[in-house]
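quick one, what's the 3D model for this:
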Amino acid sequence: MAEVVLNHDELAQKTRALQAQGRKIVFANGCFDLLHVGHVRYLRGAKALGDVLVLALNSDDSIRRLKGKERPLLPLEDRLGVLSAFEMVDFVTAFEDDTVTPLLLKLKPDIHAKGTDYTPDTVPEKDTVASYGGKVAVVGDPKDHASKNLIGEILRKYGQAQPKP
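The predicted structure is shown next:
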C-alpha cells in the first residue's frame, strides 16, 4: 500500500533520502477521476522506469478548472484511497496548481513520466525537468481510453435513469 503524503516538504525529504540511497524516483501525475485500464498501464509503465513511483493527483479545484464544474466525479479523498492501494505506487500526493511544475521543482524526481497523449517534445514540463537534470519519459498504451468517454458511454446507456444494482 502506497503512503499518502500531502505535505510536499515531507515528501521531498523522503524522496531525497531515497535518491541518496541510489534509488531512482519516477513521478507521474493526473486527475484519475474515473479509473480505467489506460491508467493502470500508465502507472505500470511509469513504475518500470525506476525504483520508487510518486503519483500526484490534481486537487478537486484543479480538476474543475481543467475539466469543468461537473468534475471530479470522485473527491480527492476517495481518489487518494483508491490509488494508494495500487501495488506499483509508492507515494501518493495531491497538488492544487494547474500544472505540476512547482511540485517537480520541489521533488526533483529522476524521471517525469507522462502518458502517450504526449511526446517527449510536447511534455509541458520538459524544460523544468531538464533544468534540474531529470529526464522525461512517455509510457503506457495508446491514448484510446479516457474518463470523459466512459462518462459519455454511461450517459448514453443510462441517460438520467439510475442503473440497476
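
next, the nearest residue to residue 46 once chain neighbours are set aside: phi, psi?
In this structure, residue 46 finds its nearest non-sequential neighbour in residue 113, 3.7 Å apart by C-beta to C-beta, 6 or more residues apart in numbering. Using the backbone N, CA and C atoms, a C-beta is placed for each residue, glycine as well. As for residue 113, its main-chain torsions (degrees, to the nearest 10) stand at phi -100, psi 130.

contacting residues for residue 113?
By C-beta atoms under 8 Å, 6 or more residues apart in numbering, the residues touching residue 113 are 26, 27, 28, 42, 45, 46, 49, 136, 137, 138, 139.

which ones among these map onto strands?
Judged by DSSP state E, the subset of the contacts of residue 113 located in strands is 26, 27, 28, 136, 137, 138.

all strands for the protein, in order.
Counting by DSSP E, the strands of the chain are 3-4, 25-30, 52-58, 91-95, 111-114, 135-138.

packing partners for the longest one?
Packed against strand 52-58, as judged by 3 or more C-beta pairs under 8 Å, 6 or more residues apart in numbering; DSSP states H and E, are the following elements: helix 8-20, strand 25-30, helix 37-47, helix 76-83, strand 91-95.

what's the most buried one of those?
strand 25-30 (a mean of 25; mean count of other C-beta atoms under 10 Å).

what's the average pLDDT for that one?
The average pLDDT within strand 25-30 is 97.

and residue 1, how many residues sit next to it?
10 (other C-beta atoms under 10 Å).

how much space separates it from residue 90?
10 Å (C-beta to C-beta, to the nearest Å).
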